[in-house]
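Asker: coords below, sequence missing:
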């Protein structure tokens, strides 16, 4: 798929067509991870670049936050320190997933996720992105692998 991998293309262009499946990360048992139980370093996320999504379950699940980072471990630790994110832990628990997406496409994916999901916690960086939105399948909406 066009948005994956670690090698930058010479002329980055967002993929055309239907939303791509970014292969959102799941545990070995195929489930999404509980955010408060996640050890980002144990998952090998230090200095790994990608896009992440946090949501809460419960009676009225909602998307909480969508962002990207050149160091997913650092970003997830920062999210764990944000009261506006953590207040949703009591509403069915927080879940998290990430996808390793080429850096040149991350802005487009984050812009799309923030526009389409309308997360309850605003990502201030998303409002300044000028990248063309790149449609991806939301976590849990694609085919389980």
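Answerer: Received, thanks. Keep in mind that what you see is a predicted model, and the values were worked out from it rather than measured.
Asker: my guess is residue 82 contacts residue 123, does it?
Answerer: No - look at residue 82 against residue 123 with C-beta atoms under 8 Å: they stay out of range, at 11.0 Å. C-beta here means a position set from N, CA and C on the backbone, and glycine is covered the same way.
Asker: what about the two, which has more around it?
Answerer: residue 123 (17 against 13; other C-beta atoms under 10 Å).
Asker: any low-confidence regions in the protein?
Answerer: Within the chain, the set of residues satisfying pLDDT under 70 comprises 1-17, 142-145.
Asker: touching, residue 75 and residue 66? I think so.
Answerer: No - contact criterion C-beta under 8 Å: residue 75 and residue 66 do not qualify, at 11.4 Å.
Asker: need the overlap of contacts for those two.
Answerer: Taking C-beta atoms under 8 Å, 6 or more residues apart in numbering as the criterion, residue 75 and residue 66 both touch residue 52.
Asker: can you report how many residues lie near residue 21?
Answerer: With other C-beta under 10 Å as criterion, residue 21 counts 16.
Asker: can you check the one 4 residues further on too?
Answerer: Other residues within reach of residue 25, judged by other C-beta under 10 Å, total 18.
Asker: can you show me the helices along this structure?
Answerer: For the chain, helices defined by DSSP state H occupy the ranges 72-80, 83-86, 103-117.
Asker: in the second one, what's buried?
Answerer: Residues of helix 83-86 classed as buried by neighbour count (16 or more other C-beta atoms under 10 Å): 85, 86.
Asker: ok, residues contacting stretch 122-140?
Answerer: Counting by C-beta under 8 Å, 6+ apart, 3, 14-15, 18-22, 24, 32, 53, 55, 63, 65-67, 95, 97, 99, 105, 107-117 sit against stretch 122-140.
Asker: and that stretch, which residues are buried?
Answerer: Those would be 123, 126, 129, 131, 133, 134, 135, 136, 137, 138, 139, for stretch 122-140 by 16+ other C-beta under 10 Å.
Asker: for those, which one is nearest residue 42?
Answerer: The closest of those to residue 42 turns out to be residue 139 (C-beta to C-beta; 20.1 Å).
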